[in-house]
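>>> Okay, here's the prediction I keep looking at, along with the sequence it came from:
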Amino acid sequence: MASQRIDRLLTQLEECRYRFGKDEASRVVRLLNTLAASHFSDARSLIRFHEALLFLRAFPHGSSVMRRSERLLDSLWKRVAELREKGVDLSAWNTFEFSGVAGTQMEDALSFDLARWLIRRLPGKVEIAWDNFEPGREAVALWPRFLPLLEDDAYVEADTPWRKWLETAQGKKKSGPEWLIRQFGALALPEQDRAQLYDSLRLPLRWDLGNSPVSRTRNWERPRRPFYHTSPLISRSQVSLAEELAKRPPAFARLTRQQGERVMDTIREVMLVRYRELYGTTLGDPASVVHADLGRGLSIYLWNLRPDRRLPLRAYVAGFSVKNGVPINYIESIGLCEWMEVGFNTFYTFRGGETGWVYSQVLRCLCHLMGTTSISVYPYQLGHDNKEAIESGAFWFYRKLGFRPGRPELLRLVESEERKIAANPKYRTSPRVLRKLAASHVFYELPGSEVGAWDRFSTRNIGLRVNARMARLFGGDAQRMRKESVRAVGRILGISSWSAVEKAGLEQFAVVLALVPDLASWSPGEKRALAEIVRAKGTRNEMKYLHLTQTHERLRDALLRIGS
C-alpha cells in the first residue's frame, strides 16, 4: 500500500513539472514535503524522485521549489545508503540514463587523461577493478617498463599475479592506480603516445561517489540570477530556427584561464558520471573558454582543443549548457570553411524542457563563434546505430526545425512521409523508415550559403585518398610520404622558420595539399594566404584558423573536390 501511495505521489510530481500557474509552486512544495517524509523501499521509485528533483532544480516554479529541491538533493545519498544496507538491488543506476547518483559506485575504463584527472579529483577514492580486469598482451608488453624482472614471469607463465607485482612495487597493500598512472606520465614519450599506450590496457577503475559534488545529484551551482518558470515551457513548435539564427550575435565573454580550468573540471565531472567521454571534453583548452548568457536562465560554455591535441584539418569546438546552474546537455562541433558538423545531446532527465529552443541557442552561438553558415548533423544523432534516437523519432526533431537530407532519395522519402502525416495526423513513421532516414547527414544552410555544396563531402574521403597515394607512391611508408610532402609543399609556399607546433600542423596539412595538382600555379597572394592558414592551425586561438579558411575560396574548392 505504501509503495502505491509513493507511486501516486511521484506521478503527481512528474505531472507538475510541466504545469505552471499561480498556485503551482506551492503545490509542488507540498508534494516535495510529503515525499521527503516518505519511505522509499525500492530503487525504481527513488530514481523517479531523483530525476524529478533535478528537473525542478533546473526548471523551478519559484524560489521555494528551487530551495526545497536543493535540500532534498543534498541529502539523497542517505536514502541510497539505506537501500544498500537493506540489500536492495541498485543495478538500475548502472545505466547511461541514471548513473552518477550520490551514494552509488561507478566503474569504467577511462582514457589516460581522464583517469589522471579523476585520481587528482578524488584522491584515495579510486581503485583498480581487479575482479573485472584480465591483463592481456598489452600488459605483458607494457608493464615490464615499470616492474623490473616482470618479463621472467609474464612472458612465460600463465598465472602471473599482476596485482601482487603492482602492490610490491608500490610498497602498499592497496594496489591503486596512482602509481601506475605516474609511471605512464613519466615515460620519455610525447604525451599523446603515453596516452595511447595506457589506453590500450583498457584498465577498469572503480570509485565511490559518496555525497561528492562530482555526482550528478549535486553537480550544479546556484545561479546569481535564477529564472523561475511561471508560464508554460517553450515547445519545439514555437521555435523558428531561421528567426533565432537571424538575431543579433550573442555576447561572448572570454574567461580567465583559472575560470576556464573550473569549466573543464565541470564538464569532465558531467560526462564522467554519465559514462561518457568526448575528445573535446577531456582535452579542452582552458585558455579558450567563452561564455554567453542567452536568457531564461540558460548559459552556454564553448572552447577549443589544446594546440598540441588538435585535429589535422577540422577546427573543433566543444561545450555544454547549464540551466539555472544545472548542466543539461553537451555539445560537439567540428568545422572547416563555412561548414560544420554538430553533435548535441540533451541529458535524459531534461528532454522535456525546452529542448528545441535550447538547441536553437546552441546553433546561434556556434554559428557566430565559428562563422559557419552550413550546418550538418551526424547520422548517429538521427538514429544510425542509435536505438534510442530511433525510438524517440529524433530525425523529425531536426526535420521540423528545417533540416533536409543530403541525399536526393532520402529527401524524396521524407516528403512522402510528410504527405502521409498531412493526410493522417495519427500516422507515425515506422522504425524501419526512420533507420533509412538516419543513413546520411541532414543539412541546414543559412541565407547566402551555397545549398548542397557540402552534401557529399567527408574528411574521411580525404584521409582515404591520402592513404591511397601513400600506398601507390611510397609503398605504404607514412614517414617517407610526410617528409616528401612537407618538403614539396614547404618549397611551394616558401615556408621556413616555424615553431614546433606550427611545423606539426604543416606535416598534417602537407599530405592533403600534396593532392592538389595545381598548387604550384596558385597566385603569390593565394600561396601567402594558404601559408597563413597552415600556420594558424597551431596558434592559441583555433577560431583564427577556421575563419581564415572561410576567406580562401581556392582552398575551399580544392578541399571539396578531394573530399567529395
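On my side now, so go ahead. Everything numeric here is computed off the predicted structure, so don't read it as measured data. Numbers count the residues shown, from 1 in each chain.
>>> I'd assumed Met370 was in contact with Pro249.
No: here Pro249 does not reach Met370: they are 11.7 Å apart, not a contact under C-beta atoms under 8 Å. Yep, even glycine has a C-beta here, placed from its N, CA and C like the rest.
>>> between these two, who's got more neighbours?
Taking other C-beta atoms under 10 Å, Pro249 and Met370 do not tie; Met370 has more neighbours (22 against 11).
>>> Check which helix or strand Arg116 maps to.
According to DSSP states H and E, Arg116 maps onto helix 112-121.
>>> Can you identify the element that follows that helix toward the C-terminus?
In N-to-C order, the element after helix 112-121 by DSSP H and E is strand 126-128.
>>> Report the buried residues of the helix or strand just after that following strand.
Going down the chain from strand 126-128, the next helix or strand is helix 137-142, by DSSP H and E. Buried residues in helix 137-142, counting neighbours by 16 or more other C-beta atoms under 10 Å, are found at 139-140, 142.
>>> Now pLDDT too, for the residues you listed, in CSV please.
Below are the buried residues of helix 137-142 laid out as CSV (pLDDT from 0 to 100):
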residue, pLDDT
Ala139, 86
Val140, 87
Leu142, 89
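>>> So which of those residues is the closest to Thr349?
Nearest to Thr349 among the buried residues of helix 137-142, counting by C-beta to C-beta, is Ala139 at 38.1 Å.
>>> Would you mind measuring from the closest one to Phe112?
As for Ala139, its distance to Phe112 is 15 Å (criterion: C-beta to C-beta, to the nearest Å).
>>> just wondering, since we're on Phe98, how far is it from Tyr348?
8 Å.
>>> Name the residues contacting each of those two.
Glu51 (C-beta atoms under 8 Å, 6 or more residues apart in numbering).
>>> In the stretch 301-450 of the chain, where is pLDDT below threshold?
The stretch 301-450 of the chain contains no residues with pLDDT under 70.
>>> Show me where it has its helices.
Under the criterion DSSP state H, counting those that start in this stretch, the stretch 301-450 of the chain contains helices at 355-370, 379-382, 387-392, 394-399, 408-423, 431-437.
>>> elements contacting the shortest one?
Helix 379-382 sits against strand 339-346, helix 387-392, helix 394-399, with contacts defined as 3 or more C-beta pairs under 8 Å, 6 or more residues apart in numbering; DSSP states H and E.
>>> Distance to Tyr330 added to those, as a markdown table?
Below are the helices and strands packed on helix 379-382 laid out as a markdown table (distance: least, C-beta to C-beta, whole Å):
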| stretch | distance to Tyr330 |
| --- | --- |
| strand 339-346 | 6 |
| helix 387-392 | 15 |
| helix 394-399 | 16 |
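>>> who wins for proximity to Arg8 among those?
Evaluated over the helices and strands packed on helix 379-382, closeness to Arg8 peaks at helix 387-392, with 26.9 Å, by C-beta to C-beta.
>>> wait, doesn't Val377 sit right on Val342?
Yes: counting by C-beta under 8 Å, Val377 does reach Val342; the two are 5.9 Å apart.
>>> Count the neighbours of the closest residue to Pro431 other than its chain neighbours for me.
Spatial nearest neighbour of Pro431, chain neighbours left out: Ile390 (5.3 Å); criterion: C-beta to C-beta, 6 or more residues apart in numbering. Residues lying near Ile390 (other C-beta under 10 Å) number 21.
>>> so who does Ile390 touch?
383, 431, 434-435, 438.
>>> next one: Gly297
Gly297 neighbours (C-beta under 8 Å, 6+ apart): 223, 225-227, 323-324.
>>> Phi and psi next, for it.
phi 80, psi 10 (degrees, to the nearest 10).
>>> mind checking pLDDT for it?
With respect to pLDDT, Gly297 scores 97.
>>> And for it, nearest residue in space, chain neighbours not counted?
The spatial neighbour of Gly297 that comes closest, neighbours along the chain excluded (C-beta to C-beta, 6+ apart), is Phe227 at 3.1 Å.
>>> do Ile334 as well
Arg314 (4.5 Å).
>>> what number of residues lie near the one you found?
Neighbours of Arg314 using other C-beta under 10 Å come to 19.
>>> Then Asp74?
14.
>>> distance of it from Arg8?
26 Å.
>>> One more: Leu464?
58 Å.
>>> Same question for Val322.
Distance of Val322 to Arg8, given as C-beta to C-beta: 32 Å.
>>> Those two: which has the busier surroundings?
More crowded of Val322 and Arg8, by other C-beta under 10 Å: Val322, with 21 against 10.
>>> would you list the helices of the stretch 301-450 of the chain in a markdown table and tack on distance to Gln238?
Formatted as a markdown table, those follow (distance: least, C-beta to C-beta, whole Å):
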| stretch | distance to Gln238 |
| --- | --- |
| helix 355-370 | 8 |
| helix 379-382 | 22 |
| helix 387-392 | 19 |
| helix 394-399 | 14 |
| helix 408-423 | 19 |
| helix 431-437 | 24 |
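>>> Of these, which is nearest Asp208?
Nearest of the helices of the stretch 301-450 of the chain (C-beta to C-beta): helix 387-392, 28.1 Å.
>>> Quick check: buried residues in the closest one?
Residues 389-390 are the ones in helix 387-392 that count as buried (16+ other C-beta under 10 Å).
>>> residue nearest the centroid of this protein?
Nearest to the mean C-alpha position of the chain, by C-alpha atoms, centre = their mean, lies Leu278 at 4.5 Å.
>>> Report the contact partners of that one.
Contact analysis of Leu278 by C-beta under 8 Å, 6+ apart lists 271, 318, 330, 332.
>>> same deal with Thr459?
Listed by C-beta under 8 Å, 6+ apart, the contact partners of Thr459 are 313-314, 336, 563.
>>> circling back to that earlier point, contacts for the helix holding Arg116?
Helix 112-121 has contacts (C-beta under 8 Å, 6+ apart) with 110, 126, 177-178, 181, 184-185, 194-195, 198-199, 203, 205, 207, 214, 265, 268-269, 272, 277, 282-283.
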